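Novice: Below: sequence and its predicted model.
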Amino acid sequence: MSDNLQAKEKLDRQTVALRVAKEFQDGNVVNLGIGIPMLASNFIPAGREVIFHAENGVLGFGEVTPSGEGDLDLVNAGGQTVKPQPGMCFFSHDESFAIVRGGYLDISVMGAYQVSEKGDLANYMVPEREVGTIGGAMDLAFGAKKLIIAMNHTTKDGEPRIVRKCSYLLTAPECVDLIVTDIAVIEVTDRGLVLKEVAPGWTPEDVQSLTEPTLTVDPDCHDIELV
Amino acid sequence: MPINKIVDSFDEAVADIEDGAVIMVGGFGTVVSTPSLLLEAVYRKGVKNLTTVSNSSGFGADVWKLQGAPFPEDMDILVRNERIKKAIVSAPVSALYVNNFEKLLRAGKVEIEMVPQGTLAERIRAAKAGLGGVYVPVGIGTVVEEEKEKKIIDGREYLLELPIKADFALIHAHKGDRWGNLVYRGTSRTFNPTMSGAARVTIAEVDEIVELGALDPECIVTPGVYVDRVVARPKVAPTQEGEITDHQALESKKRFENEIQESIRRAKERGMRDE
């Protein structure tokens, strides 16, 4: 990465989560993965009612409780205790994944190690370990109507995570719809990757230089809208 | 004669589990969703070469002690004592630290069949429901599809996933009655009702046994017909021999943190490029 780019400020985790949450439409059923995705539950746009789903069998739970205050029998899929709220319901694991596979989940947000230009996703094999955890990621990637990936645009060493072809084992092929990173918002379309938004201070050329496949710059490409 | 599935002790509940048995263990990842005392009894019985079916491989009692869990044992009690020959599991390792299962796996001491979580649930449900398998879209185009029959139904490609039937299903519920009817509490339901009935013998560990008729028929989650034995947890957790002190728990936390750092360091040495 050039010194010029290294000097540029990237979005922090909270801001990436804030941008992800702008995708939540009124009435959506949404599943949030561990990490940046879960932070998005703090930024539901005003006036929209969103129902959160967690793999461990709950729909409609509230915010994460302060540390040490929650009920261990009421947790999200990351094991964090959450608050109950009216309308919430519990169900078994087979029911939970019937909801995932059956097309009742409007949006799934998760992290990734790599996304290819076709929208292939690699995110289950912890890369340094040769063993991974599939967990619910494959079901969510196959089942959600819209799959949003929230991740850093590059590895710590500056290598692109958005690649022509994934070198890590796939979670699911051609499943990603939108990629929100710390420098850009990119849509996966039939005609390839389309750059929709860039972080303040970043140009489409900057983003392209950190992305392996060629990006089509949307005619309306603009700074990431955060409000 | 009145039907009575209640047994008096955990040791009695697992008395016929033998070496080499296939056992399902309910719960998700949190210890409160897990049949902790049944797992302890299986460990005490000394059985080995088990095939286990579970969502995760456990975190270990010391982790749950830190959170104040009165019954802190999870799958890790069978993992760390090397009682498992093969694990059929969805979430075997942690992204945060090297768990005991990962250590056994690296040492070649355990076999693994990793299954997507929803597929695991549905394969278990298939066994319970008397089905010969289910066609599942999840896994097409990934390593999960290897050696499986494929079929196109209504233009979409599916994999044939076969049922998983166990000898014993160990589950945890909140309340149960002498017919084996069960209700659960909050998000601790998870795999417990799914696994009930998917084994030759289903054993339910409950927080409380109630009189027949006390559970609202509109709200019973697991019909008693799926359940063979019901055993109650003691009201107050007994002080266990070798109980872990706060100091030991903190030491253990430090150990996990060191292991994470060590794993990252080794990865860097091998030239892996990700964090």
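Specialist: Received the coordinates, thanks.

Novice: Okay, now the unreliable bits of the chain?
Specialist: Here I'm looking at chain A. A:1, A:126-128 (pLDDT under 70).

Novice: you looked at the wrong chain, it should be chain B
Specialist: Applying pLDDT under 70 to the predicted model, the residue ranges of chain B that meet it are B:237-275.

Novice: Regarding the nearest residue to A:Pro37 once chain neighbours are set aside, what is its secondary structure?
Specialist: Distances taken as Cβ to Cβ, 6 or more residues apart in numbering or on different chains place A:Val109 nearest to A:Pro37, at 3.9 Å, with adjacent residues excluded. Just so you know, the C-beta spots here come from the backbone N, C-alpha and C atoms, and that holds for glycine as well. With DSSP: H, G, I helix; E, B strand; the rest coil as the basis, the three-state label of A:Val109 is strand.

Novice: doesn't A:Ala40 make contact with A:Val109?
Specialist: Yes: under the criterion of Cβ atoms under 8 Å, A:Val109 is in contact with A:Ala40, at a separation of 6.1 Å.

Novice: Tell me who's in contact with the residue nearest to A:Pro37.
Specialist: With contacts defined as Cβ atoms under 8 Å, 6 or more residues apart in numbering or on different chains, the neighbours of A:Val109 are A:20, A:30-33, A:37, A:40, A:147-150.

Novice: what do you get if the cut-off is 10 Å, keeping everything else the same?
Specialist: Under the criterion of Cβ atoms under 10 Å, 6 or more residues apart in numbering or on different chains, the contact partners of A:Val109 comprise A:17, A:20-21, A:23-24, A:30-33, A:35-41, A:140, A:144, A:146-150, A:178, A:180.

Novice: and these, which are buried?
Specialist: In terms of neighbour count (16 or more other Cβ atoms under 10 Å in any protein chain shown), the buried residues within the contacts of A:Val109 are A:17, A:20-21, A:23-24, A:30-33, A:35-41, A:140, A:144, A:146-150, A:178, A:180.

Novice: Not counting sequence-adjacent ones, nearest residue to B:Ala173?
Specialist: B:Leu182 (4.0 Å).

Novice: How about stretch A:25-36 and chain B, any contact?
Specialist: Yes: if you take Cβ under 10 Å from any Cβ of the partner chain as the test, stretch A:25-36 does meet chain B, through A:34-35.

Novice: Quick check: nearest residue in space to B:Asn148, chain neighbours excluded?
Specialist: Quick fix: residue B:148 reads Lys, not Asn. In space, B:Lys148 is closest to B:Leu159, 4.5 Å off (Cβ to Cβ, 6+ apart).

Novice: Relative to A:Leu226, how far out is the one you found?
Specialist: Here the criterion is Cβ to Cβ, to the nearest Å. By it, B:Leu159 lies 42 Å from A:Leu226.

Novice: And the two? Which one has more around it.
Specialist: It is B:Leu159, of B:Leu159 and A:Leu226, that has more neighbours when counted by other Cβ atoms under 10 Å in any protein chain shown, with 21 against 12.

Novice: so what's the more buried one bridging to?
Specialist: Beta-bridge partners recorded for B:Leu159 (DSSP bridges): B:Val136, B:Lys150.

Novice: ok, it - contacts?
Specialist: B:Leu159 is in contact with B:119, B:133-140, B:142, B:144-146, B:148-151, counting by Cβ under 10 Å, 6+ apart.

Novice: For stretch A:107-115, buried residues please.
Specialist: Neighbour-count burial for stretch A:107-115, with 16+ other Cβ under 10 Å as criterion, is recorded at A:107-115.

Novice: of those residues, closest to chain B?
Specialist: Comparing the buried residues of stretch A:107-115 against chain B with Cβ to the nearest Cβ picks out A:Tyr113 as the nearest, at 6.0 Å.

Novice: Can you list phi and psi of that closest one for me?
Specialist: The phi and psi values for A:Tyr113, taken as degrees, to the nearest 10, are phi -90, psi -40.

Novice: Take the contacts of A:Val109 and keep only those in helices.
Specialist: A:17, A:20-21, A:36-39, A:140 (DSSP state H).

Novice: Among these, which one lies nearest to chain B?
Specialist: For those, the residue nearest chain B by Cβ to the nearest Cβ is A:Leu140; the value is 8.6 Å.

Novice: Against B:His172, how distant is the closest one?
Specialist: Relative to B:His172, A:Leu140 is positioned 25 Å away (criterion: Cβ to Cβ).

Novice: Could you give the number of residues near the residue nearest to A:Ala172 when sequence neighbours are not counted?
Specialist: Taking Cβ to Cβ, 6+ apart, and ignoring the residues beside it in sequence, A:Ala172 has A:Ala141 as its nearest neighbour in space, at 3.7 Å. The burial metric for A:Ala141, expressed as a neighbour count using other Cβ under 10 Å, is 29.

Novice: my guess is A:Ala141 meets A:Gly135, correct?
Specialist: No: in this structure, A:Ala141 is not within contact of A:Gly135 by Cβ atoms under 10 Å, at 11.2 Å.

Novice: can you pull out the helices in chain B?
Specialist: Taking DSSP H as the criterion, chain B contains helices spanning B:10-13, B:36-45, B:61-66, B:76-80, B:100-106, B:117-128, B:191-195, B:246-269.

Novice: and the second one, is it in reach of chain A?
Specialist: To tie it back to what came earlier, the one meant is helix B:36-45. No: where contact is defined by Cβ under 10 Å from any Cβ, no part of helix B:36-45 touches chain A; the two come within 12.6 Å at best.

Novice: That helix packs against which elements?
Specialist: With contacts defined as 3 or more Cβ pairs under 10 Å, 6 or more residues apart in numbering or on different chains; DSSP states H and E, the secondary structure elements packing on helix B:36-45 are helix B:10-13, strand B:22-25, strand B:50-56, helix B:61-66, helix B:76-80, strand B:166-176, strand B:199-209, strand B:229-232.

Novice: for A:Leu193, what are its contacts?
Specialist: Applying Cβ under 10 Å, 6+ apart to A:Leu193 gives the contacts A:115-119, A:162, A:176, A:179, A:184, A:186-187, A:211-216.

Novice: so it, which of the three states?
Specialist: Secondary structure of A:Leu193, per three-state DSSP, is strand.

Novice: That one and A:Val185, how far apart?
Specialist: Counting by Cβ to Cβ - A:Leu193 and A:Val185 are separated by 11 Å.

Novice: what touches both of those two?
Specialist: Common contacts of A:Leu193 and A:Val185 (Cβ under 10 Å, 6+ apart): A:Ile179.

Novice: give me the number of residues near the closest residue to chain A within the stretch 101-250 of chain B?
Specialist: Nearest residue of the stretch 101-250 of chain B to chain A (Cβ to the nearest Cβ) works out as B:Gly118 at 2.9 Å. Taking other Cβ under 10 Å as the neighbour definition, B:Gly118 ends up with a count of 27.

Novice: still on that earlier bit, bridged to the residue nearest to A:Pro37, which residues?
Specialist: Note on A:Val109: beta-bridge partners by DSSP bridges are A:Leu32, A:Ile148.

Novice: Assess the claim that B:His174 and B:Asn181 are in contact.
Specialist: No: between B:His174 and B:Asn181 there is no contact, the gap being 11.7 Å when judged by Cβ under 10 Å.

Novice: If you count surrounding residues, which of the two has more?
Specialist: B:Asn181 (27 against 18).

Novice: quick one: contacts for the closest residue to the more buried one other than its chain neighbours?
Specialist: Spatial nearest neighbour of B:Asn181, excluding adjacent residues (Cβ to Cβ, 6+ apart): B:Gly224 at 4.3 Å. Residues in contact with B:Gly224, defined by Cβ under 10 Å, 6+ apart, are B:3, B:5, B:176-182, B:196, B:204, B:212, B:215, B:230.

Novice: Lovely, talk soon.
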